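Chemist: this is the structure alone, sequence omitted:
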């Protein structure tokens, strides 16, 4: 009997068990990221220490240097070493970028016949780029965290497709037949959605609460506890909607995400923005980000 046979109750119980299993199976953060986090907590650590750790992964080193020399930063002179990148960007910010680039490479190996992987990564990276732009306009002190949050916001979709493909297929079909957002169809079928799975992964990896909430609640802003009205989740929510407007739509449904009216205030952004300027900046940075990650054919 498959995981979705035997009635709704059986499917729901199997799914709840599967949620724990699939997040547990992927609960190992990238090794370089773990070592960098240890350095962040070491008051004696230097930029050279961080550069040595990153230098153990030549591909990661190349991706980071390519990023810091892109239009993301517009530094007047080329940044030729990781230690220099740490100095001009900051330790925490470089660790966030390391997490984003490492996780993309780690999850790029997950194949799925259920979703268009090319579209998935284009959407995720575009949301990361837009979220970073919005974060800077909202005065967020760590825009690289939003870049990471945007890239990882839908990682739960991949985990579900990889871990419980029968349930993922049913949710995708339900979404398309009923014209429902995918996260709502997932909840109907499984009792949880890809945001919940992403949040579980963030907790298992001991990511920051801000990143965790952005990953878990970007579709469900009302579910964030009132005392923790997370700007980051609201920004990712808005970036997700802007991605849909520009054609970088969410994988699996083709539905255009409609932004929650309160998201603008939660993000600290005016409701009336010149989105043309945001999209124009995003288009340039998006092309460079795709080239950096080297994922899209």
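Modeler: The structure has been received and is ready for your questions. Everything numeric here is computed off the predicted structure, so don't read it as measured data. Numbering: from 1, shown residues only.

Chemist: now stretch 59-79, how far from the centre of its chain.
Modeler: Its chain's C-alpha centre and that of stretch 59-79 lie 20 Å apart, by C-alpha atoms, centre = their mean, to the nearest Å.

Chemist: first-to-last residue distance for it?
Modeler: End-to-end distance for stretch 59-79: 16 Å, by C-alpha to C-alpha, to the nearest Å.

Chemist: buried stuff in that stretch?
Modeler: 60, 61, 63, 64, 65, 66, 67, 68, 69, 70, 72, 79 (16 or more other C-beta atoms under 10 Å). (C-beta placed from N, C-alpha, C; glycine too.)

Chemist: state the next helix or strand along the chain beyond the helix or strand encompassing the fourth one.
Modeler: Using DSSP states H and E, residue 64 sits in helix 58-68. Moving toward the C-terminus from helix 58-68, the first helix or strand encountered (DSSP H and E) is helix 82-89.

Chemist: least trustworthy helix or strand in this structure by mean pLDDT?
Modeler: helix 8-25 (a mean of 51; mean pLDDT, DSSP states H and E).

Chemist: count of residues packed around the closest residue to residue 107 other than its chain neighbours?
Modeler: Closest residue to residue 107 apart from its sequence neighbours, by C-beta to C-beta, 6 or more residues apart in numbering: residue 158 at 5.6 Å. Other residues lying near residue 158 total 26 when counted by other C-beta atoms under 10 Å.

Chemist: correct me, but residue 158 touches residue 121?
Modeler: No: here residue 158 lies out of contact with residue 121, judged by C-beta atoms under 8 Å, at a distance of 9.8 Å.

Chemist: on that earlier part again, check which element follows the least confident helix or strand of the chain along the chain.
Modeler: Defined by DSSP H and E, the subsequent element after helix 8-25 is helix 31-40.

Chemist: which helices and strands does that next one pack with?
Modeler: Applying 3 or more C-beta pairs under 8 Å, 6 or more residues apart in numbering; DSSP states H and E, one finds that helix 31-40 contacts helix 47-55, helix 91-108.

Chemist: buried stuff in the helix or strand that comes right after the longest one?
Modeler: What it means is helix 91-108. Helices and strands here follow DSSP H and E; after helix 91-108, the next one along the chain is helix 117-137. Neighbour-count burial for helix 117-137 flags 117, 119-135, 137 (criterion: 16+ other C-beta under 10 Å).

Chemist: let me know the pLDDT of residue 109.
Modeler: Looking at residue 109, its pLDDT stands at 66.

Chemist: hmm, back to that, and the average pLDDT for the helix or strand containing the residue nearest to residue 107 is what?
Modeler: Taking DSSP H and E as the definition, residue 158 sits inside helix 155-163. Helix 155-163 carries an average pLDDT of 86.

Chemist: what helices or strands is it leaning on?
Modeler: Counting by 3+ C-beta pairs under 8 Å, 6+ apart, helix 155-163 packs on helix 8-25, helix 91-108, helix 117-137, helix 165-178, helix 182-190, helix 194-204.

Chemist: looking at those, which is nearest to residue 280?
Modeler: Closest approach to residue 280 among the helices and strands packed on helix 155-163 (C-beta to C-beta): helix 117-137, 10.0 Å.
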